[in-house]
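> Return a 3D structure for these sequence lines:
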Amino acid sequence: MRSITALATALYLALAGGAVAQQVDTAQPQPVVVELFTSQGCSSCPPADALLKQLAQRSDVIALALHVDYWDYIGWKDSFASPAHTNRQKGYAQVGGRKMIYTPQMIVMGQQDVSGVDAMGLADAISAYQALPRPVVLDVQRQDGRLTLSVSPQKSLPDGPVLIQIVRYTHSETVDITRGELAGHRIGYANIVNDIQQVAIWDGREAADYTVEYDGMQPAAIVVQQGPFGAVLAAARLQ
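Just a heads-up that it's a prediction; the model follows:
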């Protein structure tokens with residue numbers, strides 16, 4: 001019953017969010033970043049995967065699926081899993097003072113831990129972060145296969161590095177799982193993270209410009225984040 005409720009709420013969230021943006025639009029409010037840590041070998045994850053699939057349709061959310069590798073031993077190796085995603089989840093846990101990691105887990109704006117099946121809790125978290133002003137203004141310009149990323153602080157930021165990252169992902173894929181806890185299931189996944197590239201380390205004090213190659217062949221997002229696994233300060237979607 002809980003899974004059905006989560007999916008119904010997810011559909012409501014998706015319909016409330018509107019259509020997916022087709023280009024970077026810095027005139028619109030910057031979206032809320034939601035990272036789902038999930039696995040094809042986790043029997044509890046399909047409702048969260050479905051919820052993220054709905055969130056991926058919203059223009060006011062950057063929904064990212066990071067598949068972890070620590071459930072691969074139980075009979076099915078996740079075809080999207082990366083140890084880098086596991087390390088990212090561990091980093092969030094360490095910074096947040098949590099002693100364990102789990103799936104499905106969602107991290108909202110690099111800060112708030114929400115169970116991947118808690119659709120109402122996730123809706124509340126997204127609404128709360130939508131209401132907050134971003135401490136960094138991010139402007140993205142694209143020309144001739146390159147991106148120019150301009151960042152400027154709106155207030156004093158905490159001491160420490162600020163990471164400017166480009167996150168590349170695949171819009172959707174369907175997997176037939178033949179072994180493990182989900183054997184016999186065919187599951188569709190959305191916004192599957194393939195790579196997180198650090199573009200630059202910014203001191204967060206003065207406005208700065210950075211460039212990165214981007215051919216547009218794969219969807220991506222720009223995430224400006226307090227390092228190493230802190231708050232997301234600004235973000236933009238590329239299409």
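> just checking, next helix/strand downstream of whichever strand in the chain runs longest?
Assignment by DSSP state E gives strand 185-202 as the longest strand of the chain. Sequence order places strand 208-213 as the next helix or strand after strand 185-202, per DSSP states H and E.
> what comes into contact with that following strand?
Contact with strand 208-213 is made by 145-152, 164, 166, 197, 199-200, 202, as judged by C-beta atoms under 8 Å, 6 or more residues apart in numbering. In short, each C-beta sits where N, CA and C put it, glycine included.
> Now do the helices in the protein.
2-17, 46-55, 83-96, 119-130 (DSSP state H).
> lowest-confidence stretch among those helices?
Least confident of the helices of the chain, judged by mean pLDDT, is helix 2-17 with a mean of 43.
> mind showing which ranges of the protein have poor pLDDT?
Applying pLDDT under 70 to the chain flags residues 1-29.
> The longest strand of the chain vs strand 208-213, what angle?
If you take axes from the mean of the first three to the mean of the last three C-alpha atoms, to 10 degrees, strand 185-202 sits at 130 degrees to strand 208-213.
> what's the offset of strand 185-202 from the middle of its chain?
7 Å (C-alpha atoms, centre = their mean, to the nearest Å).
> For it, could you pull out the residues that count as buried?
For strand 185-202, the neighbour count (16 or more other C-beta atoms under 10 Å) marks 187, 189, 190, 191, 192, 193, 196, 199, 200, 202 as buried.
> do the same with stretch 207-218
208, 212, 214.
> again, but for stretch 131-150
134, 135, 136, 137, 138, 140, 147, 149.
> farthest-separated two in those?
135 and 147 (21.4 Å; C-beta to C-beta).
> Let me see the contact set for residue 89.
37, 66, 68, 101, 105, 107.
> Among those, name the ones in strands.
Those of the contacts of residue 89 lying in strands (DSSP E): 37, 66, 105, 107.
> Hmm, residue 116 and the third one touching each other?
Yes: shown here, residue 105 and residue 116 form a contact pair, counting by C-beta atoms under 8 Å, at 5.8 Å.
> anything in contact with each of those two?
Joint contacts of residue 105 and residue 116 (C-beta under 8 Å, 6+ apart) are 36, 37.
> beta partners for residue 223?
residue 165, residue 235 (DSSP bridges).
> Tell me, how many residues neighbour it?
Here the number of neighbours of residue 223 (other C-beta atoms under 10 Å) works out to 24.
> which residue sits closest to residue 133, ignoring its sequence neighbours?
residue 154 (7.0 Å; C-beta to C-beta, 6 or more residues apart in numbering).
> and residue 61, what does it touch?
Here residue 61 is in contact with 17, 31, 32, 33, 34, 55, 126 (C-beta under 8 Å, 6+ apart).
> For those, give me TSV that also has neighbour count.
Shown next, in TSV, are these (neighbours: other C-beta atoms under 10 Å):
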residue	neighbour count
17	18
31	23
32	22
33	25
34	28
55	28
126	25
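> Present those as TSV; the columns should include distance to residue 62.
As requested, the contacts of residue 61 are arranged in TSV below (distance: C-beta to C-beta, whole Å):
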residue	distance to residue 62
17	12
31	5
32	7
33	5
34	7
55	9
126	11
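> Give the closest residue to residue 158 in space, chain neighbours not counted.
That would be residue 226: by C-beta to C-beta, 6+ apart, it lies 6.3 Å from residue 158.
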